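Colleague: with the input below, show me the fold.
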Amino acid sequence: MKSLLPLPVAGCAISATKQMTLRRWTPALLVLAVCAILPATAQAQGGAAGVVVETVEIRSFTETAPVLGEFVASTSSVVASRIPGLIVEVFVQIGDRVSQGDPLVRLDTELLGIELRAADASRNEAATGLTVAEADLALARQAFERIERLKSSPAFSQGQFNDLERQLQRAQGQIAQAQARIRSADVSIARSRYNLQNASILAPFSGTILERQAQPGEYINTGSAVVSLLDQAHLEIVADVPASYLNGLPEGREITVRLAGGANFQVKVRAVLPRESVATRTRPVRLTAPFTETQARDTIAPFAVGQSVTVLVPVSEEKSVLTVPKDALVQGRGGWIVYIAEAGKAQPRPVQIGAAVGNRFEVLSGLQDGQQVVVRGNERLRPGQDIMTEPPGGEQAAGGSASPAAPKAAQSEAGDPAADDKSGG
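Modeller: Okay, here's the model as predicted:
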């Protein structure tokens, strides 16, 4: 039986006992892997660590108070028929999304076509009557002018003159009647065309079908509802805000709202309604939400009427505060610390933090403006360890960024992991 001697593998010596254990549980390839990892770990603990740093900066900050709000429809309508008729076809179902001008319902147009042809015939008849009346008027005027020239001659007859004058007036009246019949026919034609055009009921705006009241084969009257339509791309937000906070909500001011999932969006104050609740001393505030238009272009609308949203109402004047990136914070034994990149080494600094400012936190003490702090690779740093700094890796906060996540818990000699996360304040 061969003795188990240490095997030199990539500069790693393993005792005979350990080799026997490894050979029982895994092939020799695992031995190679373990030995390859050990030097790398040792180098990470003793050599220069690659880290990403960001700058401690002064940023504008406004203290806010959360107020519960909800999405409401700025445009919602029960689409009705403009004419009576028999429903031939319904093109939509509940939940369908339609664009402005899309057909919703089609009415029977057979009788409407007959009425239009009848109006056209009446118009032609009136036009023919006008032509005849104009010819009669020309003859009557000619005869009247002839007798009028004989007034100073013995051949003049007053009775004949009176008769021709009345004929001229009658011919002029026939002209007026013919013109009136033409106008009446034009009105009938316009009405018939209007009815034909509105036999196809179209979507007055883009939106989602919430309810379908019309069914094929049903006869409806003018004003009967066919569908209920909601414009989900232009929703507003309404929130009952305490009256003491209204000074911070002038018309047109941009503020932040937060959805249940944590995403933040910018909205504008459209109006503060002059109606105050006696019980709660709050007033309704209407906020425009332009982000709903871009989000509604997706296949599934992410926002719904009645959906809750948190409105971050400003309760203080804007001020400048010193801030640190949230990823720089590490939970130590005595509180929060950050690692400063100083002369190629990582130096821990205890800090006191305040409120969240976007994806950063307010610094109450411990740091200065312009200092470089480690935001990546700081979980296992040791005080005084050599570091190689790199610029931020491009993780930008999106326009609808989530609220700041809790800072990291240290897993190094700097401190033990903490049970509670810091959310600012």
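Colleague: next up, the contacts around A127.
Modeller: Applying C-beta atoms under 8 Å, 6 or more residues apart in numbering to A127 gives the contacts 178, 182. Quick note: C-beta positions are derived from backbone N, CA and C, even for glycine.
Colleague: list phi and psi for it.
Modeller: phi -70, psi -40 (degrees, to the nearest 10).
Colleague: separation between S184 and P302?
Modeller: Distance from S184 to P302, counting by C-beta to C-beta, to the nearest Å: 55 Å.
Colleague: same check, this time on A49
Modeller: Counting by C-beta to C-beta, the gap from A49 to P302 is 41 Å.
Colleague: between those two, who's got more neighbours?
Modeller: The neighbour comparison of A49 against P302 (other C-beta atoms under 10 Å) goes to A49, with 20 against 14.
Colleague: now that one, nearest residue through space, not along the chain?
Modeller: I387 (5.2 Å; C-beta to C-beta, 6 or more residues apart in numbering).
Colleague: what residues of the host helix or strand of the one you found count as buried?
Modeller: Assigned by DSSP states H and E, I387 belongs to strand 387-390. Using 16 or more other C-beta atoms under 10 Å as the burial criterion, the residues of strand 387-390 that qualify are 387, 389.
Colleague: pairing partners for that strand, with directions?
Modeller: Using DSSP bridges, strand 387-390 pairs in its sheet with strand 49-55 (parallel).
Colleague: tell me the helix or strand right after the partner strand.
Modeller: That would be, after strand 49-55 and using DSSP H and E, strand 57-61.
Colleague: tell me what the helix or strand following that next one is packed against?
Modeller: Using DSSP H and E, the helix or strand that directly follows strand 57-61 along the chain is strand 64-73. Under the contact criterion of 3 or more C-beta pairs under 8 Å, 6 or more residues apart in numbering; DSSP states H and E, strand 64-73 touches strand 235-242, strand 254-258, strand 308-314.
Colleague: reformat the ones you listed as CSV; add mean pLDDT, distance to V79 and mean neighbour count.
Modeller: Output for those, formatted as CSV (pLDDT from 0 to 100; distance: least, C-beta to C-beta, whole Å; neighbours: other C-beta atoms under 10 Å):
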stretch, mean pLDDT, distance to V79, mean neighbour count
strand 235-242, 95, 19, 20
strand 254-258, 91, 31, 17
strand 308-314, 93, 28, 19
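Colleague: dump the ones you listed into CSV; add distance to A180 as well.
Modeller: Listed next are those as CSV, based on distance: least, C-beta to C-beta, whole Å:
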stretch, distance to A180
strand 235-242, 52
strand 254-258, 61
strand 308-314, 62
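Colleague: quick check: which of these is nearest to Q352?
Modeller: strand 308-314 (23.2 Å; C-beta to C-beta).
Colleague: right, and Q177 touches V132 too?
Modeller: No - checked against C-beta atoms under 8 Å, the pair Q177 and V132 is beyond contact range at 11.1 Å.
Colleague: for the closest residue to A199 other than its chain neighbours, name its beta-bridge partners.
Modeller: Nearest non-adjacent residue to A199, counting by C-beta to C-beta, 6+ apart: L107, 4.2 Å away. The bridge-partner assignment for L107, based on DSSP bridges, gives I87.
Colleague: now tell me what touches stretch 159-173 from outside.
Modeller: Counting by C-beta under 8 Å, 6+ apart, 133, 136-137, 139-141, 143-144, 147-148, 151 sit against stretch 159-173.
Colleague: so who does the residue nearest to A49 touch?
Modeller: 48-51, 341, 344-346, 374, 377, 381.
Colleague: could you report the pLDDT at it?
Modeller: Note for I387: predicted pLDDT of 87.
Colleague: what's the answer for G248, then?
Modeller: On pLDDT, G248 comes in at 84.
Colleague: how much space separates the residue nearest to it when sequence neighbours are not counted from V269?
Modeller: With sequence-adjacent residues excluded and distances taken as C-beta to C-beta, 6+ apart, G248 is closest to P314, at 3.9 Å. As defined by C-beta to C-beta, P314 lies at a distance of 10 Å from V269.
Colleague: overlap in contacts, the two.
Modeller: 249, 253, 255.
Colleague: which of those residues lies closest to P284?
Modeller: For these, the residue nearest P284 by C-beta to C-beta is L249; the value is 11.4 Å.
Colleague: any idea which element the closest residue to that closest one other than its chain neighbours lies in?
Modeller: Closest residue to L249 apart from its sequence neighbours, by C-beta to C-beta, 6+ apart: V269 at 5.0 Å. Using DSSP H and E, V269 sits within strand 264-272.
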